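Participant: Everything below, folded, please.
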Amino acid sequence: MVTQHFHLFDTAIGTCALIWEGACFIGAQLPERDEETARRRLARRFPEAVEAPAEGIVAEAVAGIRALFTGEKRDLSHLPMALESVSEFNRKVYEVALSIPPGETLTYGEVAQRIGDPGAARAVGVALGQNPWPIIVPCHRVLAAGGKTGGFSADGGVETKLRILTIEKARTSAEPGLFEALPLAARPPRH
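Facilitator: Next up is the predicted model:
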């Protein structure tokens, strides 16, 4: 039997965790307010996992997640995940979510259309709520129709989702921002 391992690490917005078995991630954990809270959630989700240092692909994933939470545009879709452990529907949803770059968003309905099931927006939301690899599979980049946030299961809920989207400088609405309606020469400089 292969042992499950986990690694807790601090980020700019809280304590996260990665869980792996062999050379494949079986889970990730969104930021919690402190290590104790993160450990409690981790113990509920992966009670058999043993703590281990971040080496190789785990260290790469930790660095990528930390960078993402400081505003760097990082693509984490190359990280190895046990996608065969989820249903075919969920896998299709996660594959679409993996294609959304930092700073961009889709709606649940758009994801449903991309998987070829345009009436499945609600099921897409359920699948994203079951996402074992949040952040790696960027479920936070999927919104409800009309720019509404939809749900989010991290500590802090939707507020955490909006915080991550703000860090990524993602648009959450088709409406132009205050300065985007101005002529290019009048816009304030971006930093």
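Participant: Secondary structure class of Pro31, three-state.
Facilitator: Secondary structure state of Pro31, per DSSP: H, G, I helix; E, B strand; the rest coil, is strand.
Participant: Find the nearest non-adjacent residue to it, please.
Facilitator: Nearest residue to Pro31, sequence neighbours excluded (Cβ to Cβ, 6 or more residues apart in numbering): Gly14, at 2.9 Å. All C-beta spots, glycine's among them, are computed from the backbone N, C-alpha and C.
Participant: Identify the residues contacting the nearest residue to Gly71 once chain neighbours are set aside.
Facilitator: Counting by Cβ to Cβ, 6+ apart, the nearest residue to Gly71 once its immediate chain neighbours are dropped is Ile167, at 5.4 Å. Neighbouring residues of Ile167 by Cβ atoms under 8 Å, 6 or more residues apart in numbering: 12-13, 68-71.
Participant: In those residues, find the pair that's most separated.
Facilitator: Ile13 and Gly71 (11.0 Å; Cβ to Cβ).
Participant: ok, back up a step: look up phi and psi at the residue nearest to Gly71.
Facilitator: Per-residue torsions, Ile167: phi -60, psi -40 (degrees, to the nearest 10).
Participant: how close does it get to Trp133?
Facilitator: 19 Å (Cβ to Cβ, to the nearest Å).
Participant: Buried ones among the contacts of Ile167?
Facilitator: By neighbour count, with 16 or more other Cβ atoms under 10 Å, the contacts of Ile167 hold 13, 68-69 as buried.
Participant: tell me the domain boundaries of the chain?
Facilitator: Under the assignment the TED database, the domains of the chain span 4-70, 83-168.
Participant: residues touching the most centrally placed residue in the chain, list them.
Facilitator: Nearest to the mean C-alpha position of the chain, counting by Cα atoms, centre = their mean, stands Ile135 at 2.4 Å. Taking Cβ under 8 Å, 6+ apart, we find Ile135 in contact with 16, 28, 30, 65, 68, 76, 164.
Participant: Try it again at 7 Å.
Facilitator: Listed by Cβ atoms under 7 Å, 6 or more residues apart in numbering, the contact set of Ile135 reads 28, 30, 65, 76.
Participant: for the helix or strand hosting Ile19, packing partners?
Facilitator: Per DSSP states H and E, Ile19 falls inside strand 14-21. With contacts defined as 3 or more Cβ pairs under 7 Å, 6 or more residues apart in numbering; DSSP states H and E, the packing partners of strand 14-21 are strand 4-11, strand 24-32, helix 35-45, helix 57-68.
Participant: So which of those is nearest Leu128?
Facilitator: It is, among the helices and strands packed on strand 14-21 and with distance given as Cβ to Cβ, strand 24-32, at 12.4 Å.
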